[in-house]
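[1] Build me a structure from this.
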Amino acid sequence: MTESFPVGRPSGCPFDPAREYAAYRQTDGLTKVSTPAGVDAYVASRYDEVRTLLRDNRLSSRFAPSDHVVPNADLSQEAEPGSLLQADGAEHKRLRRLLATEFAVKRMEALRPRVAAMIDERLDAMLAAGSPVDLVQEFALPIPSLVICELLGVPYADRDEFQARGAQLVRVDGWTEESQRASDELNEYIVGLVLAKQARPEDDILSRLITRGQELGTPLTVEELVSVGVTLLIAGHETTANMIALSTLALLRHPEQLADLRSDPSKVPAAVEELLRYLSVVHYGLFRYATDKVPVGLSTIDAGEYLIAALSSANRDESVFPDPDRLDLERDATAHVAFGFGPHQCVGQQLARLELQEVLTRLYARMPTLRLAVPFEQIDYRVNTLVYGVKVLPVTWDAPI
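    Below you'll find the model as predicted:
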């Protein structure tokens, strides 16, 4: 009997992935499951399997990463032109090549003072307004939104144009008329932005993609630029915003480790890596399609079959991370796969690290008495979305004397 793919979280610790993964890791070979999309798929749950399969070019990314948890998803559709998440082979390399420079470590480090200033500005506003506040709306969401808007050349005043629509598009409980409307409206907005930058390039990612493509003799079409723009806009704030809020909650639940971190800011980079591993906010894994036979240990994925690379399970693999269900900010977690692995590894991961590092350094230094304003048990979580997080995070702090 084929098991059902685990959609949801355990009722105990909200930071843990579905408990079925631990059982999958103890079995021989891959586990076959039925998915909400209406197809069966193999689940790669062990760390080594996930890394090996995500770099195998016989496994295509032609479907959206979360299609396996979308009820009756339409798996007959072709990838959209310019889709960084769905392109394979030479097409994917072309897109990555154009984008790689934008998110290189050196360029991201040059951005650090600006990100720090944005964070301090938000903290100044929060301290001036006083507590309690919803940390999601007042801090976790604005920070990455401000950053990605500036990088892409999107007016921050237009953030409502993409935040609400982006939130609709990362839902995994089925494609609706509202989803289609959100997609159409967001695409229409980015089309206008792209056309404006083609006419008058500025100092931003979209403008540089336009000019770099022309210089390399591989110019991106408007359709491709729109696809890249939508992907970066949504991914650039959804994942990091949820990591900021969920990391804050996790650290508030581990006050001794938080106190140690506050006393020694040099530990922040390592703490970010452990939080990425421990929380694994892309909690339903990545969906792949076999274009050829792929042997995996005792299992074989035949051409035409599907795979789910369970990132959250790989990051809790006991053979790689001892006592994996424990948050340990002293752990060396740099080998985690929270950003995926292989050719499709998150292109913006250095930006996400930078934002998280500056948040952990500044938030708790400026608000040393930060704490939940409601009981922990009352926190509500975002389960039916591609990216896991909290819906609302009420916090408070003591006013300075």
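
[2] Distance check, residue 186 against residue 79.
    18 Å (CB to CB, to the nearest Å). Quick note: C-beta positions are derived from backbone N, CA and C, even for glycine.

[3] Same check on residue 223?
    The gap separating residue 223 from residue 79 is 12 Å, by CB to CB.

[4] higher neighbour count, those two?
    Legend: neighbour count by other CB atoms under 10 Å for residue 223 and residue 79, higher for residue 79 (18 against 14).

[5] Residue 92 is in contact with that one, correct?
    No - if you go by CB atoms under 8 Å, residue 79 and residue 92 don't touch, sitting 9.8 Å apart.

[6] residues shared between the contacts of those two?
    Common neighbours of residue 79 and residue 92, counting by CB atoms under 8 Å, 6 or more residues apart in numbering, are residue 61.

[7] doesn't residue 232 make contact with residue 190?
    No - Residue 190 is beyond contact range of residue 232, at 9.9 Å (criterion: CB under 8 Å).

[8] what number of residues lie near the residue nearest to residue 135 when sequence neighbours are not counted?
    Nearest non-adjacent residue to residue 135, counting by CB to CB, 6 or more residues apart in numbering: residue 393, 4.2 Å away. By other CB under 10 Å, the residues close to residue 393 number 25.

[9] Now do the contacts for residue 393.
    Counted by CB under 8 Å, 6+ apart, residue 393 has contacts 134, 135, 136, 140, 245, 248, 249, 372, 379.

[10] Could I get the phi/psi values of residue 290?
    Taking degrees, to the nearest 10, you get phi -80, psi 120 for the backbone angles of residue 290.

[11] Residue 32 now?
    According to degrees, to the nearest 10, residue 32 has phi -100, psi 130.

[12] That one pairs with what?
    Beta bridges link residue 32 to residue 42 when assigned by DSSP bridges.

[13] Count the residues that sit near it.
    The number of residues packed near residue 32 is 16, by other CB under 10 Å.

[14] Isn't it up against residue 42?
    Yes - counting by CB under 8 Å, residue 42 is a contact partner of residue 32 at 5.5 Å.

[15] what ranges do the strands span in this protein?
    For the chain, the strands defined by DSSP state E cover 3-4, 31-34, 40-44, 59-60, 133-134, 286-290, 294-296, 299-301, 306-309, 371-372, 381-382, 389-390, 394-396.

[16] so after the fifth one, what's the next helix or strand?
    Past strand 133-134, further along toward the C-terminus, the next helix or strand under DSSP states H and E is helix 135.

[17] roughly how far out does that next one sit from the chain middle?
    19 Å (CA atoms, centre = their mean, to the nearest Å).

[18] could you give me the average pLDDT of it?
    Averaging pLDDT along helix 135 gives 97.

[19] Check which helices and strands that helix sits against.
    Helices and strands touching helix 135, by 3 or more CB pairs under 8 Å, 6 or more residues apart in numbering; DSSP states H and E: there are none.

[20] where does the stretch 251-400 of the chain dip in pLDDT?
    Residues of the stretch 251-400 of the chain meeting the criterion pLDDT under 70: none.

[21] Could you list the buried residues of stretch 296-305?
    296, 301, 305 (16 or more other CB atoms under 10 Å).

[22] so can I have a markdown table of the residues you listed showing distance to residue 7?
    Compiled in a markdown table, the buried residues of stretch 296-305 are given as follows (distance: CB to CB, whole Å):
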| residue | distance to residue 7 |
| --- | --- |
| 296 | 23 |
| 301 | 21 |
| 305 | 20 |
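
[23] Could I get the pLDDT score of the residue positioned nearest the centre of the chain?
    The centre of the chain sits closest to residue 239, judged by CA atoms, centre = their mean, with a distance of 3.5 Å. Residue 239 carries a pLDDT score of 91 in this model.

[24] picking that back up, with respect to residue 360, which of the strands of the chain lies nearest?
    Among the strands of the chain, strand 394-396 comes nearest to residue 360, with 15.0 Å by CB to CB.

[25] name the helices or strands packed onto the closest one?
    Applying 3+ CB pairs under 8 Å, 6+ apart, we find strand 394-396 packed against strand 133-134, strand 371-372.

[26] which residues does residue 191 contact?
    Residue 191 makes contacts with 222, 226, as judged by CB under 8 Å, 6+ apart.

[27] By residue count, what's the longest helix in this protein?
    helix 222-252 (DSSP state H).

[28] on that earlier part again, okay if I get the strands of the chain as JSON lines plus distance to residue 208?
    Output for the strands of the chain, formatted as JSON lines (distance: least, CB to CB, whole Å):
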{"stretch": "strand 3-4", "distance to residue 208": "45"}
{"stretch": "strand 31-34", "distance to residue 208": "42"}
{"stretch": "strand 40-44", "distance to residue 208": "36"}
{"stretch": "strand 59-60", "distance to residue 208": "29"}
{"stretch": "strand 133-134", "distance to residue 208": "35"}
{"stretch": "strand 286-290", "distance to residue 208": "28"}
{"stretch": "strand 294-296", "distance to residue 208": "37"}
{"stretch": "strand 299-301", "distance to residue 208": "39"}
{"stretch": "strand 306-309", "distance to residue 208": "31"}
{"stretch": "strand 371-372", "distance to residue 208": "42"}
{"stretch": "strand 381-382", "distance to residue 208": "33"}
{"stretch": "strand 389-390", "distance to residue 208": "31"}
{"stretch": "strand 394-396", "distance to residue 208": "38"}
